[in-house]
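Q: Sequence plus predicted model, see below.
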Amino acid sequence: MTSRDITATAAANHPTSGGNHHHYYPPSNSSSSSSASFRGCCCCLFLLFSFLALLALAVVLVVVLAVKPKKPEFDLQQVGVQYMGISPTTASSAAVSLNIRMVFTAANGNKVGIKYGESRFTVMYRGIPLGRGGVPGFYQPAHSVRRIECVIVVDRVSLLQADAADLVRDASLNDRVELRVVGDVGAKIRILGFTSPGVQVSVDCTIAISPRKQALIYKQCGFDGLSV
């Protein structure tokens, strides 16, 4: 075999790069890339909203520290007896009817307004609830004083004969009836459109009224445990 034949045989057994070859291509990762991009976008949005919320909270805290909000000041100014009647029902009990008009003053010494919720007051005689009265919610501007009127109607509340006799004696003979007025006033501070958490102001007043004069003759009130 000649050298030419050997070269031809080698070329036939080992084809050159110019021949046909089957190449392997890996599968596309476009779906996994889209999913990763979506998760990254959601993470960025979450971080953005968290930053904005923290920024808004920081602004509110700065404003609150600058304003230094205080609780509203309540005071009972007037108490009037519009009607009082006692009628026996049985041998051991009596029915009491009473109309009391109370006037409170609410003083807002803050630099911002206060939003009040509905307030309810209860009148008691010797620990016995006689009646309740309510005051609708309202908004009070900064540095203002507002009068709040509350009428409590006691409609034939049954008392034991002993308590009814004491009430008649206090009203007719002594012209002095001691009552207790309790209630809660809910308030919220309004700052830059934001409403603060509720602030509860407790009202607890011991009063003495004159049925003949229909006037307040004695008053001792506590607001959040502070005597005024």
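A: Right, received. Where do you want to start? Numbers count the residues shown, from 1 in each chain.
Q: where exactly do the helices run in the chain?
A: Secondary structure of the chain (DSSP state H): helices at 3-13, 30-67, 161-172.
Q: Mind telling me which of those the model trusts least?
A: The weakest mean pLDDT among the helices of the chain belongs to helix 3-13, with a mean of 51.
Q: Dihedrals phi and psi, residue 174?
A: phi -90, psi -20 (degrees, to the nearest 10).
Q: Report how many residues lie close to it.
A: Here the number of neighbours of residue 174 (other CB atoms under 10 Å) works out to 12. All C-beta atoms are positioned from the backbone trio N, CA, C, and that covers glycine.
Q: With residue 158 instead?
A: So residue 158, with other CB under 10 Å, has 13 neighbours.
Q: what's near enough to touch it?
A: 89, 93-96 (CB atoms under 8 Å, 6 or more residues apart in numbering).
Q: Now, of those, which are buried?
A: 94-96 (16 or more other CB atoms under 10 Å).
Q: With pLDDT and distance to residue 190 as added columns, please give those residues in a markdown table.
A: A markdown table is the format used below for the buried ones among the contacts of residue 158 (pLDDT from 0 to 100; distance: CB to CB, whole Å):
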| residue | pLDDT | distance to residue 190 |
| --- | --- | --- |
| 94 | 78 | 48 |
| 95 | 83 | 45 |
| 96 | 81 | 41 |
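Q: Could you dump those residues into JSON lines with distance to residue 119 added?
A: Formatted as JSON lines, the buried ones among the contacts of residue 158 follow (distance: CB to CB, whole Å):
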{"residue": "94", "distance to residue 119": "30"}
{"residue": "95", "distance to residue 119": "28"}
{"residue": "96", "distance to residue 119": "24"}
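Q: Excluding residues flanking it in the chain, which one is nearest residue 181?
A: residue 205 (4.4 Å; CB to CB, 6 or more residues apart in numbering).
Q: scratch that, residue 88 is what I was asking about
A: residue 94 (4.8 Å).
Q: looking at the sheet around the one you found, what are its partners?
A: residue 88, residue 159 (DSSP bridges).
Q: Would you confirm that it contacts residue 157?
A: No: judged on CB atoms under 8 Å, residue 94 makes no contact with residue 157 at a distance of 9.6 Å.
Q: Which parts of this protein belong to which domain?
A: 34-68, 73-227 (automatic domain parsing).
Q: So which of those domains is the most surrounded?
A: Mean neighbour count, computed with mean count of other CB atoms under 10 Å, is highest for domain 73-227 among those, reaching a mean of 16.
Q: quick revisit: ok, the residue nearest to residue 88 to residue 201 distance?
A: 35 Å (CB to CB, to the nearest Å).
Q: Also residue 98?
A: 25 Å.
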